[in-house]
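1. Give me a model of this one.
(one chain, ligands or ions: 1)
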Amino acid sequence: MGSAMTDRPACKISPSILSSDFARLAEESQRMLACGADWLHVDVMDGHFVPNLTLGAPIVKSLRKNLPDAFLDCHLMVSNPKQWVPDFAKAGASLYSFHLECLMDDGSSEDQAKEVDSLIDLIKESGMKVGIAIKPKTPAEWVLRFLPKLDMVLVLTVEPGFGGQKFMQDVVGKCAVVRAASKDVDIQVDGGLSPSTIDAAAAVGANVIVAGSAIFGSDKPQDVIGALRKSVEDHAAKQ
Ligand SMILES: O=C(CO)[C@@H](O)[C@H](O)COP(=O)(O)O
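-> Down below sits the predicted model:
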């Protein structure tokens with residue numbers, strides 16, 4: 001849904017729970033929502049697609065039990081995204097973003113595009129919203145053909161795998177390519193976002209902002225969330 005001031009979809013701030021204290025996950029998640037977060041970003045890593053292990057569907061199920069109304073924005077950094085669709089749907093994930101690179105290494109291959117289409121359909125039929133994530137080296141043009149069926153495109157502004165990395169400014173221009181092709185799709189940026197880097201992403205059309213260390217590392221997370229939102233809304237109003 002667009003915001004009142006602009007044609008762009010509304011701003012959503014999605015703190016990455018990867019930066020939270022996992023032993024107090026429900027409490028930390030509640031705290032973020034109380035501080036003004038719109039979504040909660042859940043980083044799922046399988047130790048194969050990326051060199052790190054995090055969490056899976058059982059944790060999403062527990063989060064859903066504790067936070068019945070929260071929007072659980074799940075980013076699957078896994079080699080076989082099809083495998084986990086039923087488990088995440090059953091656990092209560094709201095949105096399932098998978099990496100295009102798992103199914104596509106040639107942006108012009110019709111066979112690979114069919115595989116991507118069929119995974120998008122499976123996710124939607126399972127009752128979740130669907131996003132495609134792209135790593136820094138993957139061209140934005142590869143996602144354009146899928147836009148009519150997508151709720152979100154996730155542009156990674158770091159190499160996926162770990163929180164606390166430096167924002168890659170040269171990558172964020174991919175948001176402009178996606179925004180030129182769709183006014184409606186949510187464009188999420190993830191990696192190194194903070195009040196000092198947000199302008200670069202907001203200026204090129206990003207409207208869903210993931211931030212881990214900048215929000216959880218602050219004494220005043222509500223101020224960080226407010227600053228990120230203000231930048232997105234100010235840039236959207238200028239369009
Ligand atoms: O998916 C990832 C990293 O793979 C991200 O969601 C990070 O967790 C974001 O953390 P910061 O860069 O904001 O600290």
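2. looking at this, Lys124 is in a helix?
-> Yes: under DSSP: H, G, I helix; E, B strand; the rest coil, Lys124 falls within a helix.
3. Run a quick neighbour tally on it.
-> 15 (other CB atoms under 10 Å). C-beta here means a position set from N, CA and C on the backbone, and glycine is covered the same way.
4. Skipping its backbone neighbours, what lies nearest it in space?
-> Val130 (5.7 Å; CB to CB, 6 or more residues apart in numbering).
5. What helices and strands are in contact with the helix or strand encompassing that neighbour?
-> According to DSSP states H and E, Val130 maps onto strand 129-134. Contact partners of strand 129-134 among helices and strands, from 3 or more CB pairs under 8 Å, 6 or more residues apart in numbering; DSSP states H and E: strand 72-77, strand 95-99, helix 110-125, helix 141-144, strand 152-156, strand 186-190.
6. Count the residues that sit near the residue nearest to Lys124.
-> That count, for Val130 with other CB under 10 Å as the rule, works out to 21.
7. follow-up on the earlier one: turn the helices and strands packed on strand 129-134 into JSON lines, including distance to Ala211.
-> Output for the helices and strands packed on strand 129-134, formatted as JSON lines (distance: least, CB to CB, whole Å):
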{"stretch": "strand 72-77", "distance to Ala211": "12"}
{"stretch": "strand 95-99", "distance to Ala211": "16"}
{"stretch": "helix 110-125", "distance to Ala211": "25"}
{"stretch": "helix 141-144", "distance to Ala211": "22"}
{"stretch": "strand 152-156", "distance to Ala211": "13"}
{"stretch": "strand 186-190", "distance to Ala211": "8"}
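8. Quick check: residues of the chain near the ligand?
-> 16, 18-19, 41, 43, 75, 158, 160-165, 190-193, 210-214 (CB under 6 Å from any ligand atom).
9. Wasn't Asp43 part of a strand?
-> Yes: per three-state DSSP, Asp43 lies within a strand segment.
10. Which strand residues bridge it?
-> His75 (DSSP bridges).
11. so what's it up against?
-> Ser16, Ile17, Leu18, Thr54, Leu55, His75, Met77, Gly163 (CB atoms under 8 Å, 6 or more residues apart in numbering).
12. Can you name the residues that contact the first one?
-> Under the criterion of CB under 8 Å, 6+ apart, the neighbours of Ser16 are His41, Asp43, Gly163, Asp190, Val210, Ala211, Gly212, Ile215, Phe216.
13. What is the nearest of those residues to Thr197?
-> The closest of these to Thr197 turns out to be Ala211 (CB to CB; 9.3 Å).
14. Need the pLDDT of the closest residue to that closest one other than its chain neighbours.
-> Nearest residue to Ala211, sequence neighbours excluded (CB to CB, 6+ apart): Leu193, at 4.4 Å. On pLDDT, Leu193 comes in at 98.
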